[in-house]
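>>> Next one to model:
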Amino acid sequence: MKATSTILLAFLIINAHSIKSQDFSALKYRNVGPERGGRVTTVAGIASKPSTYYLGATGGGVWKTEDYGTTWSNVSDGYFETPSIGAIAVAQNDENIVYAGTGSDGLRSNVISGKGVYKSIDAGKTWDPIGLTKTGHIGALEIHPENHNIVYVAAIGQAFQPNAERGIYKTTDGGKSWKKKLFISDKVGFADLELLPGNPEIIYAAAWKAERKPWTIISGGTTQEGGIYKSMDGGTTWEKVTKGLPEGLIGKIDLAVCPGDSRIVYALIEAPDDKGGLYKSTDQGKSFQQVSDHKGIRERPFYYTNIEVDPKNPDIVYAMATSYYKSVNGGKSWSKLSPPHGDNHDMWINPNNTDLFIQANDGGANVTHNGGQSWSTQFNQPTTEIYQVEVDDQYPYWLYGGQQDNYTTISVPSMAPYGVQRAGIGWIMNTGGCETGPAVPKPGNPDIVYANCKGRFTVYDKRTGIEKSYYVGASNMYGHNPKDLNYRFQRVSPIHVSPHDAGVIFHGSQYVHRTRDEGVTWETISPDLTAFKADKQVISGSPITRDITGEEFYSTLYSIRESPVQKGVIWTGANDGPVYVTQNDGKTWDNVTPSKLPQGGRVDAVEPSPHNAEKAYIAVLRYQLGDWKPYIYKTENYGKSWKLLTTGTNGIPADYPTRVIREDPKRPGLLYAGTEWGMFISFNDGEQWVPFQQNLPLTPITDIKIHRNDLVLSTMGRSFWVLDNIATLRDKNITNLKDNAVLFKPSDTYRFRYPKVRTEGAPLITYPKPSVIIDYYLSESTNTSIRLDIMDDKGNIVNTYFGDSSQMKGEEQAISDMSTNTITYLVDKKLTTHKGLNRFHWNMTYAGPWSSKQRQRYKNGPLAAPGVYTAKLTIGSATLTQTFNLMQDPRNATHTTSDHISELLKLQLDLIALLTEARKLEDELNKEFKQLDKKKKVAGLPEYDTERHVTLSNVLQKLKTAEGTYPQPMLADQINYLYNMMNKADQQPGKDALERFKVLKNELGKLKAML
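Next up, the predicted model:
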């Protein structure tokens, strides 16, 4: 049974000092994109179903397509305990059997750990965990071609620490039990394994010594620690293959075997100098010979090292690295293919049609039908890895962040801002810098963005797409030992705009830099605020391959924040542990690192309290040192003392590393924490934490912002998310919900018209129609009558909603007479009555006109005018009220006044009344006309021999539009035409519209007089 994506949120009852569990499933996050895919490291397909494929993302879980990549849907949410996927395999003799090994084999610094192997017996609809939970990262998974209960797994191990669970594993009972078949050491795992086509008892395995440190990448070791192993008996015994392979150091290896010629085995090998490259065996792996040392195919081996051979032709070989290569002569020479994105990781070729294959890269997964000449889109799989989130102050606001392996930082809107022909793709904007970010919009001018690319500060103008460069130090850092650099910038270097002066921008290397002229001039206002241990300042990449991109620069600042309460109080956190604060705008700095905090962790976030200048929080990430504990600290005296808020027993589990902490800007002590495995919330300043995952997919939370009553998140694998309107969480009643019903005060809301947007298929990102969010709490589920009235400032009822139709009176489910301002009754099934928090979305409209068609009745009403409104909730005999403001869209305020809107609304309501009158008249006359027709036929009278029959016919001809192609619209449709004309925008009614209304009203009066 699928695990529910809804998590029960427990709230602290302060007076009783106990936790009371409430169902808060009414609060839902929504994905706002981007829709473009993120890093995909494994793909698989089905030979007998050429349209069906699976992809495994590094932080986005498992996705499936059944239409050649035209659409993708996630199939792992609710089942997997990690979103990091390392290998997927489908049983080709039974497409329902799918195995997935977790933990990526591309061991970046932000790699997410695996949690073992999962199995599906219904083609990905449901999954079960089947063990190997401590293996860390799985490099390969192979299914016996004749018996899908026999499966082999190559376990790389934990990326950041030695572990005894590395090795080759085998199950013969479909994962009920596993046996370790090959083990070298707790530092050496296996990156790949292959079964010989035609004889699956013959197995090849590639050993790899691999471990990451925050300051370096260890990839490779001696030939005793790495290399190729071969088994002839299904993994019972193994023989080390050495003939023709590199001697001395050897690193990551990927293997490929050819079903078209089982003698051929390829090995792409990381080794020093020209010893690395492609090796080929023509005797089933007894010996190898190097066929290519092409630099491109062995680039950044810890991250790539991927080789594949055509199932039919052993001379056609594919190599995946930064570029995507193809050889047609057994690897002797190479040409490039052009997938939609660079940084290539995996592919699966259909053995029945080798021009049909799927390929994976840092932009997602893509399918080709013609051998790589053209590809399916990557803008249909929202698995983007986002490093941080910033928000601007336009309306609607946009979200900004660095997108992993994108050529620029990006921005997406929180709501549909304007009309586009393709939602999602149409709403993603370049914002300067590069993949790492951040991108920080200028307060007061969102067209200007302060962006970063691995320490390179730029000023980007969205209007022109032009980017000005103002790098601190103006020196290329690549390839340097960090100890030799004047300025050490991390790959993700902080940018922070002062909350007190939008002209002041801070930027961090090992120092805090400040500019008052958007980077034209910089001043350094701090000493080195890092630990700077000499043994951590090394050339990254050992013992074989240098890799120095800034990602491994240790002893740099990772977070800078100025107190929003007191100017000049600035906090910093370094990626090697220290926390500093200045209380005098950088003149002096104090090292205030918590004394009990273990050294060396990455201070991912510093959070000055928005309520108290002496108070601050830090979130420290230490899993890159093999420490998986959560670390959130709080100080209330400028860092003189700290309190650990994550004990491992007070809500956040002991193995949930923490990435970010934020305090609510309106309610002191309301905290939001983002961890490696999801969201948590505290209502009592960190004394206790409860899950706040709701419907959010399992993925690391990299950053949090609270903006305009919304909770805004970035994730490492599932793009940006927004939880609309958290005002209820700030209400004092939320921590003391007892037996009484509560209507929470709705937030003041902008009136926002939804633009015309084209969507294709099921949208992956969500832009809900604008609404006022009304939250109410029920102590018990109820069948009692429940009613919600929305009233204007004069007490007139704008709309009324009931929970079910049984509460309605009269023959109709709605009764409307806008001209006399009588009550409108509507049924809305969204007015829920379950125990706990309920959420209702009022669409800010009056009821529309009556229609003879039930589904169209009272729909498409006019937008309520700006002003003060009251929500009145009636539950049985109890009545609760709250007021709120509807505010004019600030984008329209300069050219449309409130008087214009009031004039428009009056006309709209008059038109609704007129249209309703016309339609009801038409309906009544139609019924009477049909009755007269029946009487005429019974009496045998000639046509039109009664005066009433003739009158009805004449009136209906003028009132009702005839059927057929392009008929002339008659009166009812003319009224509807004018109503629709006036229901598109906030505007002053035009003179022609007002005069036309008088004409139509007069014409209807004349028709009624004819009767």
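>>> Report all helices and strands that the top strand by length along the chain contacts.
Scanning the chain for the longest strand, with DSSP state E as the assignment, gives strand 199-213. Packing contacts for strand 199-213, counted by 3 or more Cβ pairs under 8 Å, 6 or more residues apart in numbering; DSSP states H and E, involve strand 151-155, strand 188-196, strand 216-219, strand 227-231, strand 253-257. For the C-beta atoms, the positions are set from N, CA and C on the backbone; glycine is no exception.
>>> In this protein, what helix or strand scores lowest on average pLDDT?
Least confident element among the helices and strands of the chain, by mean pLDDT, DSSP states H and E: strand 9-13 (a mean of 35).
>>> how about low-confidence regions in the protein?
Confidence mapping of the chain against pLDDT under 70 gives the ranges 1-23, 759-762, 783, 804-829, 937-945.
>>> tell me the SS of residue 977?
At residue 977, secondary structure determined by DSSP: H, G, I helix; E, B strand; the rest coil is helix.
>>> and the gap between it and residue 985?
Distance, residue 977 to residue 985, by Cβ to Cβ, to the nearest Å: 16 Å.
>>> again with residue 264
Here residue 264 is placed at a distance of 67 Å from residue 985 (Cβ to Cβ).
>>> neighbour count winner among the two?
For the pair residue 264 and residue 985, the greater number of neighbours falls to residue 264 (22 against 10), based on other Cβ atoms under 10 Å.
>>> Can you list the buried residues in the longest strand of the chain?
If you call a residue buried by 16 or more other Cβ atoms under 10 Å, then strand 199-213 has these buried ones: 200, 202-213.
>>> Likewise for stretch 557-574?
Of the residues in stretch 557-574, those scored as buried under the neighbour-count criterion (16+ other Cβ under 10 Å) are 557-565, 569-574.
>>> ok, now stretch 900-917?
The neighbour-count criterion (16+ other Cβ under 10 Å) identifies 900-901, 903-905, 907-917 as the buried residues of stretch 900-917.
>>> Out of these, list just those in helices.
Those of the buried residues of stretch 900-917 mapping onto helices are 900-901, 903-905, 907-917, per DSSP state H.
>>> Tell me the one of these nearest residue 268?
Within those, the smallest distance to residue 268 is 66.7 Å, found for residue 901 (Cβ to Cβ).
>>> Could you pull up the residues touching that closest one?
Contact analysis of residue 901 by Cβ atoms under 8 Å, 6 or more residues apart in numbering lists 865, 866, 888, 986.
>>> what about the nearest residue to the third one once chain neighbours are set aside, how many residues close to it?
I take that to be residue 888. Counting by Cβ to Cβ, 6 or more residues apart in numbering, residue 888 lies nearest to residue 866, which is 4.6 Å off, once chain neighbours are set aside. With neighbours defined by other Cβ under 10 Å, the count for residue 866 comes to 18.
>>> now do residue 854
9.
>>> now swap in residue 87 and tell me
Counted with other Cβ under 10 Å, the burial measure for residue 87 works out to 28 neighbours.
>>> Now the phi/psi pair for it, please.
Reported as degrees, to the nearest 10, the phi and psi values for residue 87 are phi -160, psi 140.
>>> What's opposite it in the beta bridge?
residue 101 (DSSP bridges).
>>> tell me the angle the longest strand of the chain makes with strand 188-196.
Our comparison of strand 199-213 with strand 188-196, counting by axes from the mean of the first three to the mean of the last three Cα atoms, to 10 degrees, yields an angle of 160 degrees.
>>> how far out from the middle of the chain is strand 199-213?
Averaging C-alpha positions (Cα atoms, centre = their mean, to the nearest Å) puts strand 199-213 33 Å from its chain's average.
>>> and if you look at stretch 282-296?
With Cα atoms, centre = their mean as the basis, the distance from the averaged C-alpha position of stretch 282-296 to the chain average is 42 Å.
>>> how long is that stretch end to end?
The first and final residues of stretch 282-296 sit 24 Å from each other (Cα to Cα, to the nearest Å).
>>> what do you get for stretch 316-333?
Counting by Cα to Cα, the terminal residues of stretch 316-333 are separated by 11 Å.
>>> What distance do you get for residue 57 to residue 773?
Look at residue 57 and residue 773: by Cβ to Cβ, they are 32 Å apart.
>>> Going by how many neighbours each has, rank these two and give me the top one.
When residue 57 and residue 773 are compared on other Cβ under 10 Å, the one with more neighbours turns out to be residue 57, at 31 against 22.
>>> Pull the contacting residues for the more buried one.
Counting by Cβ under 8 Å, 6+ apart, the residues that residue 57 touches are 37, 38, 39, 40, 41, 63, 83, 85, 364, 381, 383, 717.
>>> at 7 Å instead, please
Taking Cβ atoms under 7 Å, 6 or more residues apart in numbering as the criterion, residue 57 is in contact with 38, 39, 40, 85, 383, 717.
>>> of these, closest to residue 926?
Checking the contacts of residue 57 against residue 926 with Cβ to Cβ, the nearest one is residue 383 at 54.9 Å.
>>> how many other residues sit next to that closest one?
Residue 383 sits with 31 neighbouring residues when counted by other Cβ under 10 Å.
>>> now swap in residue 328 and tell me
When neighbours are defined as other Cβ under 10 Å, residue 328 has 14 of them.
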